[in-house]
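A.B. asks: coords please:
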Amino acid sequence: MTLVEDIAVRPTLNMQRTFDAPRALVWHAWSRPEVMVLWMGPVEWPAVSVVSDFRVGGAWRICLKSPETGEDLWQGGVYREIVEPERLAFTFKWEGDAHEDGPAVDTLVTVVLSETGDGRTVMDFTHAGLKNERSLTGHKHGWTSTADRLEAWLAANPD
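C.D. replies: I've put the predicted structure just below:
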């Protein structure tokens with residue numbers, strides 16, 4: 001079974017958010033590691049390090065850290081598709097076995113940004129190939145909290 005076939009049979013998270021920000025700014029937030037570190041990760045596991053070779057075939061790696069325990073969670077992947085300023089796709093995999101999901105599996109994240117007529121941006125977010133329903137629930141919480149943090153960053157940085 002190929003990676004695409006394997007991903008297709010596992011659970012998928014679909015979310016849609018509308019941000020009160022222009023698409024160019026939302027794209028900027030997703031494409032610059034120095035900005036991503038300011039909002040990436042859920043509130044209880046904020047990013048402390050983001051490294052990104054932002055090009056198709058380039059790798060990315062993020063460290064999330066629990067403020068409560070000091071524990072680190074590393075994740076990473078490879079950019080598969082970049083169509084500025086509207087579409088971004090990248091693989092996603094936890095490093096090691098420390099995550100609650102257990103042994104890591106390759107997954108695929110796709111972010112599609114669409115402009116509205118009033119200067120806002122709709123983000124259609126898909127995280128495909130999650131390991132199981134427990135992983136789907138965990139990632140739904142994590143990505144929802146991350147989107148909340150992105151929304152706050154966009155509100156504080158309108159230019």
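A.B. asks: what's the closest non-adjacent residue to residue 37?
C.D. replies: Spatially, and ignoring its direct neighbours in sequence, residue 37 is nearest to residue 50 (4.3 Å; Cβ to Cβ, 6 or more residues apart in numbering). Backbone N, C-alpha and C define where each C-beta goes, glycine included.
A.B. asks: Could I get the pLDDT score of that neighbour?
C.D. replies: If you check residue 50, the pLDDT there is 98.
A.B. asks: from what I can see it touches residue 64, true?
C.D. replies: No. At 10.1 Å, residue 50 does not count as touching residue 64 under the criterion of Cβ atoms under 8 Å.
A.B. asks: For the helix or strand harbouring the residue nearest to residue 37, buried residues please.
C.D. replies: Taking DSSP states H and E as the definition, residue 50 sits inside strand 47-52. Residues 47, 50, 52 are the ones in strand 47-52 that count as buried (16 or more other Cβ atoms under 10 Å).
A.B. asks: Alpha carbons of stretch 105-116, as PDB, please.
C.D. replies: C-alpha atoms of stretch 105-116 as PDB (Å, rounded to 0.1, in the frame of the first residue of the first chain):
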ATOM      1  CA  VAL A 105       2.700   7.400  11.400                       C
ATOM      2  CA  ASP A 106       3.100   9.600   8.400                       C
ATOM      3  CA  THR A 107       0.100  12.000   7.900                       C
ATOM      4  CA  LEU A 108      -0.700  14.800   5.500                       C
ATOM      5  CA  VAL A 109      -1.800  18.400   6.400                       C
ATOM      6  CA  THR A 110      -3.400  20.600   3.700                       C
ATOM      7  CA  VAL A 111      -4.200  24.300   4.300                       C
ATOM      8  CA  VAL A 112      -6.300  26.100   1.700                       C
ATOM      9  CA  LEU A 113      -6.700  29.900   2.100                       C
ATOM     10  CA  SER A 114      -9.600  31.700   0.300                       C
ATOM     11  CA  GLU A 115     -10.300  35.400   0.400                       C
ATOM     12  CA  THR A 116     -13.700  36.700   1.200                       C
END
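A.B. asks: All good on my end, thank you.
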